[in-house]
Structures are given as C-alpha cells and as structure tokens.
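# my questions are about this predicted structure, shown below with the sequence.
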Amino acid sequence: MMKRLFVEHPKSLGMSWAGHGIGAVAIGLRMIGAGAACLVHAVIPGAFTETAGRTVASLHNHMIKRRAAAPDPNAWPDYEI
C-alpha cells in the first residue's frame, strides 16, 4: 500500500518522489494564485483580466513539454495532477 501511494506514480513518470513533489507544489501554487486572481476579478472586473487564462495556457505548455521529454511519453496520462 505504501509503495503504491508514494513510489509507483512518480516512478511510472521517471521521477523521484521528491522531484514529483516539488513539481506538484510548484504547479499547485500557480493554480492557487490564478484562482485568487479569479476571485479578485469577480469583485473588480478590471483587475486580473488575463491572469487565469495565461496561467492555464502556461501550465498546459509546461506539462506538454514535460511529457515530451519523459523517458516514456506514452506512459504519461492525458492529464496531470
């Protein structure tokens, strides 16, 4: 059970547990930032008009590049996180 929870997924992507964790935290923080910008935008429509869209596009490009550089790109899921 512990191996499945902590080792199998990162290993299937050719990553260590720590490397996977650092990447997941970085992506998560960017998503939280974009979400916060959306909440502010809801109240002040003139603020952060492109922040969420740019973040989503940037994260998508980042993930596509990571998949392409992976040891086995076909082993990567169609989505991440």
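Perfect, I can see it now. Predicted model, so just to flag it, every value in this text is computed and none were measured.

# can we go C-alpha only for contacts and neighbour counts from here?
Fine.

# what's the local residue count around Ile64?
15 (other Cα atoms under 10 Å).

# let me see the confidence value for it.
Each residue has a pLDDT score; the one for Ile64 is 87.

# any figure for the gap between it and Gly46?
With distances taken as Cα to Cα, to the nearest Å, Ile64 is found 31 Å from Gly46.

# again, but for Met15
Distance check for Met15 against Gly46: by Cα to Cα, it reads 41 Å.

# over to His9?
When distances are taken as Cα to Cα, His9 and Gly46 turn out to be 41 Å apart.

# neighbour count winner among those two?
A side-by-side neighbour count of His9 and Gly46, using other Cα under 10 Å, places His9 first with 16 against 10.

# which stretches of the protein form helices?
With helices called from DSSP state H, the chain shows them at 2-3, 9-12, 17-43, 51-69.

# please name the nearest non-neighbouring residue to the most centrally placed residue in the chain.
Central residue of the chain (Cα atoms, centre = their mean): Ile27, 3.9 Å from the mean position. In space, and not counting its chain neighbours, Ile27 is closest to Leu59: 7.4 Å by Cα to Cα, 6 or more residues apart in numbering.
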